[in-house]
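> Generate coordinates for the sequence data below:
(2 chains)
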Protein chains: 2
Amino acid sequence: MCEKFQMCPQFESAFQILSKRWSGLIIRVLLEGPKRFKDISVLIPNISDRMLIERFRELEAEGILVRHVYPEVPVRIEYELTEKGRMLKPAMDEIHKWAKTWSLCKEEVET
Amino acid sequence: MCEKFQMCPQFESAFQILSKRWSGLIIRVLLEGPKRFKDISVLIPNISDRMLIERFRELEAEGILVRHVYPEVPVRIEYELTEKGRMLKPAMDEIHKWAKTWSLCKEEVET
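Numbers count the residues shown, from 1 in each chain, chains lettered A, B, ... in the order given. Predicted coordinates:
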């Protein structure tokens, strides 16, 4: 049995967060800066509003994003990455580089 | 509407692969080198054999890992990352760094 390598629990936890469907894409979109709900949902085709709300709650609970409510008329709500969220940029950039290198094509992945 | 940023389809495809439950952890284990089925399943607690087989098939279909069958008695089967799989190391290292920085704790993520 391979003793020397042990799965790092922190790595495992990070992957549990990132591997929730849509979470990675939401983080990727918000790395561009704070955005309103509908601007985010437009940029992530196929995600339902209900799912987006659920992922926002989870990412907020993880301290990865915050929800700003601006008391304007009508009220304005924006979602923004925290520092913890923004520090995922290097990982996202590496995934992006990998995807480009291997020119992953969406159709191939879906079939 | 935020026109300038468009979700990169290749990034989206990459995340579809990586965000399948367990795939990231399987890749992380195999970055240590080729391994047999039971050595991998021991290193990823809670994964069922059925799920591990399913993820192997998907990752093999994506060209991320290969299955070597050695005609010994008993036959020996090992799983190994391809170059495409090994090139995920920088991304995995960045996720690991992030996880350590924010000392994610598994229990917190699960509750």
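> is chain B contacted by the helix or strand containing A:Glu12?
Assigned by DSSP states H and E, A:Glu12 falls within helix A:9-18. Yes: against chain B, helix A:9-18 shows contacts by CB under 8 Å from any CB of the partner chain at A:Pro9, A:Gln10, A:Phe11, A:Glu12, A:Ser13, A:Ala14, A:Phe15, A:Gln16, A:Ile17, A:Leu18. C-beta here means a position set from N, CA and C on the backbone, and glycine is covered the same way.
> tally of neighbours for the first one?
Residues contacting A:Pro9 under the criterion other CB atoms under 10 Å in any protein chain shown number 15.
> quick one: it and B:Ile95, what's the gap?
The gap separating A:Pro9 from B:Ile95 is 13 Å, by CB to CB, to the nearest Å.
> follow-up on the earlier one: quick check: next helix or strand after the helix holding A:Glu12?
Next along the chain from helix A:9-18, counting by DSSP H and E, comes helix A:23-30.
> and that following helix, what does it pack onto?
For helix A:23-30, the contact count by 3 or more CB pairs under 8 Å, 6 or more residues apart in numbering or on different chains; DSSP states H and E identifies helix A:9-18, helix A:37-43, helix A:49-61, strand A:65-70, strand A:76-81, helix A:89-101, helix B:9-18 as packing neighbours.
> switch to 7 Å and redo it
Judged by 3 or more CB pairs under 7 Å, 6 or more residues apart in numbering or on different chains; DSSP states H and E, the packing partners of helix A:23-30 are helix A:37-43, helix A:49-61, strand A:76-81, helix B:9-18.
> which one of these has the most crowded surroundings?
helix B:9-18 (a mean of 21; mean count of other CB atoms under 10 Å in any protein chain shown).
> quick one: average confidence on that one?
Across helix B:9-18, the average pLDDT comes to 88.
> again, but for stretch A:46-63
Averaging pLDDT along stretch A:46-63 gives 95.
> For the closest residue to A:Arg36 other than its chain neighbours, give the beta-bridge partners.
Nearest non-adjacent residue to A:Arg36, counting by CB to CB, 6 or more residues apart in numbering or on different chains: A:Glu78, 5.6 Å away. Beta-bridge pairing of A:Glu78 under DSSP bridges involves A:Arg36, A:His68.
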